[in-house]
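In: coordinates only, sequence not included:
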């Protein structure tokens, strides 16, 4: 855990969604294993799971493109729109938001409002609602609705305005170096990078906070609560 700033200056927190407020790798693996068992029972289980996880491209492949390739690779007869809708209906059940819920509890106790900023369609809100986190914030900014994506400054400024907090008094928490950390820094926000064990590029100015997981960030804010 690396901390370069004073937490007392933080008046609001904005979070990326996928792979920040929950571990997307765990969720997509759980969904993929279930999909292979129920839709692709005749193929090699492990090989199919690995193929689908690779095709997912860590979430950066659209579900339409993903299932087009899945249909091509495995010869599925189900209509494309049926497969896409099936994914959206099932995926949220594989999200473990328990640590995010701990984070929300801590933020509420110290009186710091939070919001979520995510690249994606309105479907992202459905996932957030399924975890119950949306009950604690009215600030959920989605690129598919706003029509601009991170790292565009507009999406960060819109979220800060939604919280009613100046960008310089806001900290943005994310896992993506360019979309999250560099994008937020560009509008004057403080930044917290969830590294998942990765090294920050030496040629770039370090984030204000570096943690290996969301759980570490919960611990950090919990310590701040005592002062």
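Out: That came through fine. Note that the structure is predicted; figures quoted are calculated from it, not measured.
In: quick one: the strands in the protein?
Out: For the chain, the strands defined by DSSP state E cover 2-3, 12-15, 114-118, 140-142, 170-174, 190-194, 209-211.
In: so which of those strands comes closest to residue 85?
Out: When the strands of the chain are compared by C-beta to C-beta, strand 140-142 sits nearest residue 85, at 18.7 Å. The way it works is simple: take the backbone N, C-alpha and C, and place the C-beta from them, glycine included.
In: which positions in that closest one come out as buried?
Out: Using 16 or more other C-beta atoms under 10 Å as the test for burial, strand 140-142 gives 140-142.
In: residue 27: which of the strands of the chain is closest?
Out: strand 114-118 (14.3 Å).
In: between strand 170-174 and the closest one, find me the angle.
Out: Interaxial angle, strand 114-118 versus strand 170-174 (axes from the mean of the first three to the mean of the last three C-alpha atoms, to 10 degrees): 50 degrees.
In: tell me the strands beside strand 114-118, with direction?
Out: Each strand paired with strand 114-118, and its direction, by DSSP bridges: strand 12-15 (parallel), strand 140-142 (parallel).
In: and the last one, what's its mean pLDDT?
Out: Along strand 140-142, the predicted local confidence has a mean pLDDT of 97.
In: pLDDT score for the closest residue to residue 215 other than its chain neighbours?
Out: Once flanking residues are discounted, residue 215 sits nearest to residue 99: 5.2 Å by C-beta to C-beta, 6 or more residues apart in numbering. Among the per-residue scores, residue 99 shows a pLDDT of 96.
In: wait, residue 99 touches residue 219, no?
Out: No. Assessed by C-beta atoms under 8 Å, residue 99 is found out of contact with residue 219, at 10.5 Å.
In: and the pLDDT at residue 40?
Out: 94.
In: again but with residue 72, I slipped
Out: pLDDT, read off for residue 72, is 97.
In: report how many residues lie close to it.
Out: Per other C-beta atoms under 10 Å, the neighbour tally for residue 72 reads 9.
In: who's in contact with it?
Out: Listed by C-beta atoms under 8 Å, 6 or more residues apart in numbering, the contact set of residue 72 is empty.
In: what's the separation between it and residue 88?
Out: Using C-beta to C-beta, to the nearest Å, we find residue 72 at a distance of 21 Å from residue 88.
In: next one: phi and psi at the residue in the chain sticking out farthest from the centre?
Out: Most distant from the centre of the chain: residue 42, at 33.1 Å, with distances by C-alpha atoms, centre = their mean. When read as degrees, to the nearest 10, the backbone of residue 42 gives phi -90, psi -10.
In: pick the most deeply packed of the strands of the chain.
Out: strand 170-174 (a mean of 27; mean count of other C-beta atoms under 10 Å).
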